[in-house]
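Trainee: Dropping the sequence and predicted coords here.
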Amino acid sequence: QVQLVESGGGLVQTGDSLKLSCAISTPPFSMYAMGWFRQAPGKERELVAAMSWSGDSIYHSDSVKGRFTISRDNAKKTVYLQMNSLKPEDTAVYYCAIDNRRTSTGRDPLAYAYWGQGTQVTVSS
């Protein structure tokens, strides 16, 4: 059984930082790509960052490049999203998700099979 639990969201001001965490429970010896998505009210869900199992493939969307950084600790089964220089347009519910294809780069937003419950990030101006 696969479970993902996000934490770290909250209300911050423009220019502040937040670090989201995603704790993962998977069957032993699982290998998977990880991604962070966000969805703002009235907008489509957006893949903002992804990382392959090995970490040799990393993706950040243009909207967050240079401000957000995805990282993972496979031993701790945790994925992180460090968010710096936050803007009001970053306000959204943030979800972590698993693409359980072993060699995936994580860049195909349609390939994600497992999702967390989401954590709200609100950036005030």
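Mentor: Happy to help now that I have it. Numbering: from 1, shown residues only.

Trainee: tell me, what residue is most central in the chain?
Mentor: residue 36 (2.0 Å; Cα atoms, centre = their mean).

Trainee: So that one sits against residue 81, correct?
Mentor: Yes. Using Cβ atoms under 8 Å, residue 36 makes contact with residue 81 at a distance of 4.7 Å. All C-beta spots, glycine's among them, are computed from the backbone N, C-alpha and C.

Trainee: Mutual contacts of the two, please.
Mentor: Common contact partners of residue 36 and residue 81 (Cβ atoms under 8 Å, 6 or more residues apart in numbering): 20, 22, 48, 49, 68, 70, 94, 96.

Trainee: Could you list which of these belong to strands?
Mentor: Counted as lying in strands by DSSP state E, out of those, are 20, 22, 48, 49, 68, 70, 94, 96.

Trainee: does residue 89 count as helix, strand or coil?
Mentor: helix (DSSP: H, G, I helix; E, B strand; the rest coil).

Trainee: That one: what's it in contact with?
Mentor: With Cβ under 8 Å, 6+ apart, residue 89 has these contacts: 40, 63, 123.

Trainee: What about those, which are in strands?
Mentor: Using DSSP E, the subset of those located in strands is residue 123.

Trainee: Of the contacts of residue 89, just the buried ones, ChimeraX syntax please.
Mentor: A single ChimeraX command selects the buried members of these (16 or more other Cβ atoms under 10 Å):
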select :123
